[in-house]
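Trainee: Here you go, sequence then predicted model.
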Amino acid sequence: MAPIGALPDPPLPLPRAAGPKLPPFTPTAHADIEFIAALGNPEEDVEAHVWEVRINGEETRYALKMVS
């Protein structure tokens with residue numbers, strides 16, 4: 001890991017990978033989320049669950065991780 005002094009200024013947005021991106025959430029954000037399927041193993045995944053979702057009726061599907 002790079003020392004703090006070596007981090008870019010301003011920081012780069014995350015993630016820096018190809019694929020669909022969502023804008024940052026704001027305190028007044030609103031989205032209609034359609035839960036399509038639970039992913040993973042609910043019996044073993046006790047701290048978080050991942051869902052396949054659609055947001056605001058778009059055809060793009062996302063993986064949404066919910067931490068408990």
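Mentor: Yes, it's here. Residues are numbered from 1 along each chain as shown.
Trainee: Quick check: end-to-end length of stretch 28-47?
Mentor: Using C-alpha to C-alpha, to the nearest Å, one end of stretch 28-47 lies 27 Å from the other.
Trainee: now do stretch 28-42
Mentor: One end of stretch 28-42 to the other measures 31 Å (C-alpha to C-alpha).
Trainee: for stretch 43-53, same thing?
Mentor: This stretch, stretch 43-53, spans 20 Å end to end (C-alpha to C-alpha).
Trainee: now the strands for this structure?
Mentor: Taking DSSP state E, the strands of the chain run over residues 33-39, 48-55, 61-67.
Trainee: Low-confidence bits of this structure, can you list those?
Mentor: By pLDDT under 70, the low-scoring segments of the chain are 1-8, 11, 13-15.
Trainee: Could you rerun that using 90?
Mentor: Across the chain, the ranges flagged by pLDDT under 90 are 1-31, 40-49, 65-68.
Trainee: Can you tell me which of the strands of the chain is most buried?
Mentor: strand 48-55 (a mean of 15; mean count of other C-beta atoms under 10 Å). In this view, the C-beta of every residue, glycine as well, is placed from N, C-alpha and C.
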